[in-house]
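>>> Sequence first, predicted coordinates after that:
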2 protein chains.
Amino acid sequence: MSTLPADATFLALSGGVGGAKLALGLSDLLGDRLCVVVNTGDDFEHLGLLVSPDVDTALYTLAGIVNPTTGWGRREETWTFMQALAALGGPVWFRLGDGDLATHVDRTQRLRAGATPSEVCAHLAGRLGLAARVLPMTDQRVRTLVETDEGWLAFQDYFVRRQCRPAVRAIRFAGVEAAQPSPAILAALSSPSLAGIVICPSNPWLSVDPILAVPGLSAALRRSGVPVVAVSPIVAGKALKGPAAKIMAELGLECSSRQIARHYAGLIDAIVVDHTDGALGRDIGAGRGAGEAEKAVDRDVDGGVTVLVTNTVMASREDKVALARDCLALCGRLAETGPRGGGAA
Amino acid sequence: MSTLPADATFLALSGGVGGAKLALGLSDLLGDRLCVVVNTGDDFEHLGLLVSPDVDTALYTLAGIVNPTTGWGRREETWTFMQALAALGGPVWFRLGDGDLATHVDRTQRLRAGATPSEVCAHLAGRLGLAARVLPMTDQRVRTLVETDEGWLAFQDYFVRRQCRPAVRAIRFAGVEAAQPSPAILAALSSPSLAGIVICPSNPWLSVDPILAVPGLSAALRRSGVPVVAVSPIVAGKALKGPAAKIMAELGLECSSRQIARHYAGLIDAIVVDHTDGALGRDIGAGRGAGEAEKAVDRDVDGGVTVLVTNTVMASREDKVALARDCLALCGRLAETGPRGGGAA
C-alpha cells in the first residue's frame, strides 16, 4: 500500500451479509474514502412498505448497529410488531424487527414523496453517522427473479419464504435493461483519486450480477483503469453462508474459487481466495498458515488473473480489517505493475 | 331491565377513551348483542399509514388489550420503532407503539387493496376475538377540522401535536356531506331486536358530533323508535379527560351536564349524569351516595329529557359494568313508559 496516495478512494460492490462484512473492514481503513455500491435486485414491497434488504444490511453493518448473530437486521431489536401482526393473521414469513420498521417506513414515505433511492440512502446513512458512502446500484427498479423447478419466483419468495430450497435453473434481473448506474456511482468511478475496486464476497449470481447487469456499470468499472479485485465467497469448497454452493451445483458449475474467477473473467485483475479453498487456494497456499504475513501471489493461474491466498473468513472485526487491508495492498501492488498488463494472458 | 327481551340488542355511539370504557361495560353485559358505532373523523394518514385512532381504541378496549394507563394503545407495548424513527429524524409527535403498528400496517394494506373501513374493522375485531361489533361511522372519508385562534388545524394537529392548546372557534367535518352510514349501521338501527341507543361519554363536539353529522344517521337513530340515552362526560363541572370543558368555555357554553343535554336536544330521551355534576346532578342527586341502588330520575329537567343521576366515573371494570347496567335499565324503563312520550315538553 506504500504506493497508494493518502487520498486514494476505493469502490466496493456488495450484496448482503457477507459483502457487508468486508465493506466494514474497508470502511475502518478508508472512512469517507470508501463508496459501497449495493445490490437492489432484492428490493421488494412487503406489507405496503418498500424494503431494500441489502442496502439496509450495508447501512446497519457500517453503522455498527447490525445484529451480530444474524448479520442482518438490528442489534437490540424487539419483535412486538411481528407478534401483533401474527395475531392479526398477517404474513410473518419475512421478519421485520420493530426498529428496522422505522427504516422501511421512512424509506417508503420518502420514495412515495418523490425522492430517489440514492437520496433516501444518503439520508439514512447521514442519520446513522456513516463515514463511507452507500450507493444503491441504480435508482431504477430492478427485480431479481429466479427460475426454479417450481417456476419463476420473486427473489424473496425464493430466498426467504422458500429458504432457497427450489433448484435454480436461471436468474434474471427484471427491468435492468431500463436501469442506469446512479450519477454518484459514475462520479466515483471517474474520480482521479480512485485507486481500486473490490468485489466483496457476496453471491456472484444473486448479489453481484445484478449490479454488473446495470447497463454501463461494468463498462465504467473497466474504463476506470484501476485494479479490480474480487474476494471469493468459497471457503473449503463451500459457501460460508447462503446458497452459492447449492446454486453453482444446480447450474452445473464446480464449486470452487477457480469457478468464481471464471465468472468474473474479463472484469477482474485478481481474486482473493481462502487458504482452505480447494481449486486455487489449497494448491497455492499449501503449508502456509492463516497467520503468516507473507501472502502467496500467483499471476499465472487461470487466464492471467492474479491470485492472493489469505484468510477470507471474517469472524472478528480484526478479520474484516485484515482482509480489507489485503485487498487494498493487492490493489496497490497491481497498480505498481500496471493492472491487466502483468499477468500471463 | 325486566322488560327487555333476552335477545334485545343495543347500539352505542363512541369516540375514544371515555366512550370505549362504557362500551366495554356494555359489552360485558351484552356480548354480541352490542354494536358500537365509532367516530372516524379523527382518522388520518401518518407516516404513510392510515390510522384510525378511535376505532383502534374501541377494538383494543373491547379486546382487553388496551393500555390501562393511557386508555389508548396496547398494553405490554414496546417503543423500539419510535426510538429508531427519532434517530432517523422522523416525526415522533404522534406515538405509535410497535404492536399498534401492526394494526395500522394491516389496515393500510387492506384499504389500499380495496377493502372498506367496515370490512377492515370486522377483520380486526374477528382476529382480536371481540363478541361485540365495532362499526366505523361511515366508509367514506370524513376529516374533523378545528378552527382555532391559530387558524384551521387538522384534528390530530390540534389534539396531539398542539395538545388542544389553541382556542377553538369552530369545528367542521370535511367530506361529511358525501358520507353515509355503513349498511351495517343502518341494519342494526332497523333491527326489530333493537332496544336502545347509548351515546357514550365521549366529547360531544369532537367525537360524537362527527357521527351525528353523517347524513341520514341522526334520522335513522330517531326513526328507530327506541330510547336514546346519553351519558354526560361532565363530572363535577369538568371533563374527566380531554378538552371538552376547555372547548365549551371557548365556544361560550356553560360547562355542565345541562349544556350536554341541550347539545343533544331533540335526539335523546334521557341523560345520565354524575352525582357530582353541578347543574343537574348536584341539585337532583344531593345527599345520595354513589353506592345507593336507588337512582334519582327526573323527567322534568330541561325540555322533557329524563335525568338519571348515578356514578359515571369508570375507574374499575365494575364501574364500567355498573354504569352500563344503569344505561340499559334506563332504556328499559323509558321503553315501558314509551320513549319521548313520557316527559314534559
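Yep, it's here. Numbering: from 1, shown residues only, chains lettered A, B, ... in the order given.

>>> Low-confidence stretches in chain A?
Within chain A, the segments meeting pLDDT under 70 span A:1-3, A:278-303, A:338-345.

>>> Output the longest helix belonging to it.
helix A:317-337 (DSSP state H).

>>> My guess is A:Pro210 contacts A:Gly41. True?
Yes. The pair A:Pro210 / A:Gly41 is scored as a contact, 3.4 Å apart, by CB atoms under 8 Å. Yep, even glycine has a C-beta here, placed from its N, CA and C like the rest.

>>> what touches both of these two?
A:Met137, A:Val142, A:Thr144, A:Phe173, A:Val176 (CB atoms under 8 Å, 6 or more residues apart in numbering or on different chains).

>>> Just give the closest residue to the first one, not the sequence neighbours.
Nearest residue to A:Met137 in three dimensions, chain neighbours excluded: A:Ile211, at 4.5 Å (CB to CB, 6 or more residues apart in numbering or on different chains).

>>> The third one now?
Nearest in space to A:Thr144, with sequence neighbours left out and distances taken as CB to CB, 6+ apart, is A:Gly41 at 3.5 Å.

>>> so the residue in the stretch 101-250 of chain A that chain B sits nearest to is in which element?
Closest to chain B within the stretch 101-250 of chain A is A:Ala102: 3.5 Å, counting by CB to the nearest CB. Assigned by DSSP states H and E, A:Ala102 belongs to helix A:98-112.

>>> Buried ones in that helix, by neighbour count?
Judged by neighbour count (16 or more other CB atoms under 10 Å in any protein chain shown), helix A:98-112 contains these buried residues: A:98-111.

>>> And for stretch A:231-239?
For stretch A:231-239, by 16+ other CB under 10 Å, it's A:Val231, A:Ser232, A:Pro233, A:Ile234, A:Val235, A:Gly237, A:Ala239.

>>> And stretch A:122-141, by the same measure?
In stretch A:122-141, counting by 16+ other CB under 10 Å, buried: A:122-125, A:127-128, A:130, A:132-140.

>>> In strands, which of these fall?
Here DSSP state E is the test, and these give A:Arg133, A:Val134, A:Leu135, A:Pro136 as lying in strands.

>>> Redo the residues you listed as JSON lines? Include distance to B:Leu62.
Shown next, in JSON lines, are these (distance: CB to CB, whole Å):
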{"residue": "A:Arg133", "distance to B:Leu62": "50"}
{"residue": "A:Val134", "distance to B:Leu62": "46"}
{"residue": "A:Leu135", "distance to B:Leu62": "49"}
{"residue": "A:Pro136", "distance to B:Leu62": "45"}
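
>>> Helices of chain A, start to end?
Here chain A has its helices, by DSSP H, at A:17-30, A:53-63, A:80-87, A:98-112, A:117-127, A:155-156, A:183-189, A:209-213, A:217-223, A:244-250, A:257-263, A:283-285, A:317-337.

>>> could I get those helices as CSV with distance to B:Ser218?
Shown next, in CSV, are the helices of chain A (distance: least, CB to CB, whole Å):
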stretch, distance to B:Ser218
helix A:17-30, 60
helix A:53-63, 51
helix A:80-87, 36
helix A:98-112, 38
helix A:117-127, 47
helix A:155-156, 50
helix A:183-189, 59
helix A:209-213, 59
helix A:217-223, 64
helix A:244-250, 65
helix A:257-263, 72
helix A:283-285, 85
helix A:317-337, 68
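
>>> hang on, the earlier thing: please name every helix or strand in contact with the helix holding A:Ala102.
Other elements packing on helix A:98-112 under the criterion 3 or more CB pairs under 8 Å, 6 or more residues apart in numbering or on different chains; DSSP states H and E are strand A:49-51, helix A:53-63, helix A:80-87, helix A:117-127, helix B:80-87, helix B:98-112.

>>> can you do 6 Å?
Other helices and strands packing on helix A:98-112, by 3 or more CB pairs under 6 Å, 6 or more residues apart in numbering or on different chains; DSSP states H and E, are strand A:49-51, helix A:80-87, helix B:80-87.

>>> what are the C-alpha coordinates of it, in PDB please?
The C-alpha trace of helix A:98-112 is given here as PDB (Å, rounded to 0.1, in the frame of the first residue of the first chain):
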ATOM      1  CA  ASP A  98     -39.600  -3.100  15.400                       C
ATOM      2  CA  GLY A  99     -36.600  -0.800  15.000                       C
ATOM      3  CA  ASP A 100     -35.900  -2.000  11.400                       C
ATOM      4  CA  LEU A 101     -39.500  -1.000  10.600                       C
ATOM      5  CA  ALA A 102     -38.600   2.700  11.100                       C
ATOM      6  CA  THR A 103     -36.100   2.400   8.200                       C
ATOM      7  CA  HIS A 104     -38.800   0.900   5.900                       C
ATOM      8  CA  VAL A 105     -41.500   3.400   6.900                       C
ATOM      9  CA  ASP A 106     -39.100   6.300   6.500                       C
ATOM     10  CA  ARG A 107     -37.800   5.000   3.100                       C
ATOM     11  CA  THR A 108     -41.300   4.300   1.800                       C
ATOM     12  CA  GLN A 109     -42.500   7.700   2.700                       C
ATOM     13  CA  ARG A 110     -39.600   9.500   1.100                       C
ATOM     14  CA  LEU A 111     -39.700   7.400  -2.100                       C
ATOM     15  CA  ARG A 112     -43.500   8.000  -2.400                       C
END
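
>>> what's the burial count for the closest residue to A:Ser218 other than its chain neighbours?
Spatial nearest neighbour of A:Ser218, excluding adjacent residues (CB to CB, 6+ apart): A:Leu212 at 5.0 Å. By other CB atoms under 10 Å in any protein chain shown, the residues close to A:Leu212 number 19.

>>> how about the strands of the stretch 151-300 of chain A, start to end?
For the stretch 151-300 of chain A, the strands defined by DSSP state E, counting those that start in this stretch cover A:151-154, A:168-174, A:194-199, A:228-231, A:234-235, A:238-239, A:270-274, A:296-298.

>>> deepest of those strands, which one?
strand A:270-274 (a mean of 29; mean count of other CB atoms under 10 Å in any protein chain shown).

>>> Give me the sheet partners of that one and which way each runs.
In the sheet, strand A:270-274 lines up against strand A:228-231 (parallel), strand A:306-310 (parallel) (DSSP bridges).
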